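Asks: I'd like to go over a predicted model; first the sequence, then the structure.
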Amino acid sequence: MVLDFRYKDPEYHKKYKQRLEVRERIKQYRRKPEYREKERQYRQRLEVKERRKETNRKYDASLKGKEQRRQYDKKPERQEYKRLLSRRPDIKEKNKEKKLQKKYRVYNHYSNYDIKCNCCGERRIEFLSIDHVNNDGYEHRKTVRGSGLVNWIIINNFPLGFQILCLNCNCAKGKDGEHICIHKKEIDDCVFDYQVIA
């Protein structure tokens, strides 16, 4: 008796499934309600969902996935859909919330979880901004486009060279030729006067 080991050969299976009558049989089988129910139950399983998410995540991170996403986003109907979606009040609220969460995340990191101006101690979040410590913000903003500084900081894993300042201190530092805030100058002057008096 000769045993047929073709069922173990992947090439044989590939050719077998490409045959027209086999493909038609598979289609017929997949249309059956019992198969669909079985498939639905399989996809509802937690480990299957997780495995699928992981596969999709890997594909989206690959060059092929990124290129496909770019091509898809260029389609006029997709752009129209995104434009209409961004105008919905619930989506606007959600985007605003996400933006604020990212801002808090960055502010917490650069102020050691005590959000305040590094110079004068201002605590109101509406008055605070991110400052380039090395005063190279103008050059840096040319390279950071679209997503903004907060997203750039998160993507680049919170690099050094940033601090939290209020808008007053940030502007004063920018206008001053020495790039020192007026508060720090006043403190230095007071310390100098105290030393002269003593």
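Replies: Structure's in. What do you need? Numbers count the residues shown, from 1 in each chain.
Asks: what does stretch 57-73 rub up against?
Replies: 78-79, 82 (C-beta atoms under 8 Å, 6 or more residues apart in numbering). Quick note: C-beta positions are derived from backbone N, CA and C, even for glycine.
Asks: Redo those residues as CSV? Include neighbour count, distance to residue 66 and secondary structure.
Replies: Below are the contacts of stretch 57-73 laid out as CSV (neighbours: other C-beta atoms under 10 Å; distance: C-beta to C-beta, whole Å; DSSP: H, G, I helix; E, B strand; the rest coil):
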residue, neighbour count, distance to residue 66, secondary structure
78, 12, 15, helix
79, 11, 18, helix
82, 11, 17, helix
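Asks: just for this structure, where's the confidence low?
Replies: Scanning the chain for pLDDT under 70 picks out 1-8, 145-147, 176-179, 185-198.
Asks: And the strands in it?
Replies: Here the chain has its strands, by DSSP state E, at 128-132, 162-166.
Asks: Of these, which is nearest residue 148?
Replies: strand 128-132 (10.0 Å; C-beta to C-beta).
Asks: Sheet partners, orientation included, of that closest one?
Replies: Counting by DSSP bridges, the strands paired with strand 128-132 are strand 162-166 (antiparallel).
Asks: how distant is the partner strand from the center of its chain?
Replies: Between the centre of strand 162-166 and the centre of its chain there are 22 Å (C-alpha atoms, centre = their mean, to the nearest Å).
Asks: Repeat that for stretch 78-88.
Replies: Distance, centroid of stretch 78-88 to centroid of chain: 19 Å (C-alpha atoms, centre = their mean).
Asks: cool, and stretch 43-50?
Replies: With C-alpha atoms, centre = their mean, you get 25 Å for stretch 43-50.
Asks: what does it rub up against?
Replies: 42, 52.
Asks: what do you get if the cut-off is 10 Å, keeping everything else the same?
Replies: 41-42, 51-52 (C-beta atoms under 10 Å, 6 or more residues apart in numbering).
Asks: Show me which pair in those residues is furthest apart.
Replies: Every pair of the contacts of stretch 43-50 checked by C-beta to C-beta; the farthest is 41 and 51, at 15.6 Å.
Asks: and the nearest residue to residue 26 once chain neighbours are set aside, how many neighbours?
Replies: Of all residues not flanking residue 26 in the chain, residue 17 sits nearest, at 7.3 Å (C-beta to C-beta, 6 or more residues apart in numbering). Residue 17 sits with 10 neighbouring residues when counted by other C-beta atoms under 10 Å.
Asks: Helices of this structure, start to end?
Replies: 10-18, 20-30, 33-44, 46-61, 63-74, 76-86, 89-110, 137-143, 148-155, 167-175, 182-197 (DSSP state H).
Asks: Go through the ones you listed and pick out the most buried.
Replies: Highest mean neighbour count of the helices of the chain: helix 167-175, a mean of 17 (counted as mean count of other C-beta atoms under 10 Å).
Asks: That one: how far from the chain's middle?
Replies: Distance, centroid of helix 167-175 to centroid of chain: 29 Å (C-alpha atoms, centre = their mean).
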